[in-house]
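*Asks:* I need the structure of the sequence given here:
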Amino acid sequence: MEKIAIIVLADEGTDEGLGRVFNALTAAREAKEAGDTVELVFTGAGTRWVEPLNKKDHTLHELFAATRDVLVGACGFCANAFGQTDALARCEVPLLTDFGPAMSYRKYTADGYRVLTF
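*Replies:* Below you'll find the model as predicted:
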C-alpha cells in the first residue's frame with residue numbers, strides 16, 4: 001500500500017493543462033482502485049480546474065467524479081489569488097490553510113507520502 005499525494009498545478013484552458021489534469025485524475029483513480037491512500041489537491045492556477053470538471057458536460061467529468069472522494073481540497077491562498085474562492089465553495093471543495101493562508105506541502109513528505117505534481 002502506498003501513500004500518494006497528487007498535486008494539480010496546471011492551468012485550465014490549454015491542451016497541456018488538459019493533458020496534465022487527465023494524468024493527475026487517472027493516477028488518482030489508479031491508486032484509489034489499488035487500495036492506496038490518495039489525496040488529490042488543486043493549487044496554484046490548478047484551482048481553476050474544479051468548477052469546469054464539476055460540470056457534467058466536461059470531457060473529464062466522469063473521471064473527476066470517480067476521484068471526487070479523494071479530493072481533499074484546494075490551497076486557500078491560491079484560490080483567493082486566482083479568483084476561485086466562490087467557485088470552490090459552490091463545488092463544496094474545502095480550502096486548505098494549514099500553513100498560514102496556504103496549504104502545507106511538507107505535511108505530505110513528513111507523513112511519508114509520495115508526491116506527484118501535474
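
*Asks:* Now do stretch 18-27: distance to the chain's middle.
*Replies:* 10 Å (C-alpha atoms, centre = their mean, to the nearest Å).

*Asks:* what does that stretch rub up against?
*Replies:* 4, 6, 8, 10, 12, 40, 46, 49, 53, 59-60, 63-64, 66-67, 116, 118 (C-beta atoms under 8 Å, 6 or more residues apart in numbering). Using the backbone N, CA and C atoms, a C-beta is placed for each residue, glycine as well.

*Asks:* residue ranges for the strands of the protein, please.
*Replies:* 3-8, 37-42, 71-75, 95-96, 114-117 (DSSP state E).

*Asks:* if we can go back for a sec, just the buried ones out of the contacts of stretch 18-27, please.
*Replies:* Among the contacts of stretch 18-27, those classed as buried by neighbour count (16 or more other C-beta atoms under 10 Å) are 4, 6, 8, 10, 12, 40, 46, 49, 53, 60, 63-64, 66-67, 116, 118.

*Asks:* Run the chain-centre distance for the top helix by length along the chain.
*Replies:* When the chain is parsed with DSSP state H, its longest helix is helix 15-33. When C-alpha coordinates are averaged (C-alpha atoms, centre = their mean), helix 15-33 and its chain have centres 10 Å apart.

*Asks:* tell me the mean pLDDT over that helix?
*Replies:* Averaged across helix 15-33, the pLDDT comes to 98.

*Asks:* picking that back up, show me the one of the strands of the chain that comes nearest G17.
*Replies:* strand 3-8 (9.1 Å; C-beta to C-beta).

*Asks:* Can you give the distance of that closest one from its chain's centre?
*Replies:* 8 Å.

*Asks:* partner strands of that strand, parallel or antiparallel?
*Replies:* Using DSSP bridges, the strands paired with strand 3-8 are strand 37-42 (parallel), strand 114-117 (parallel).
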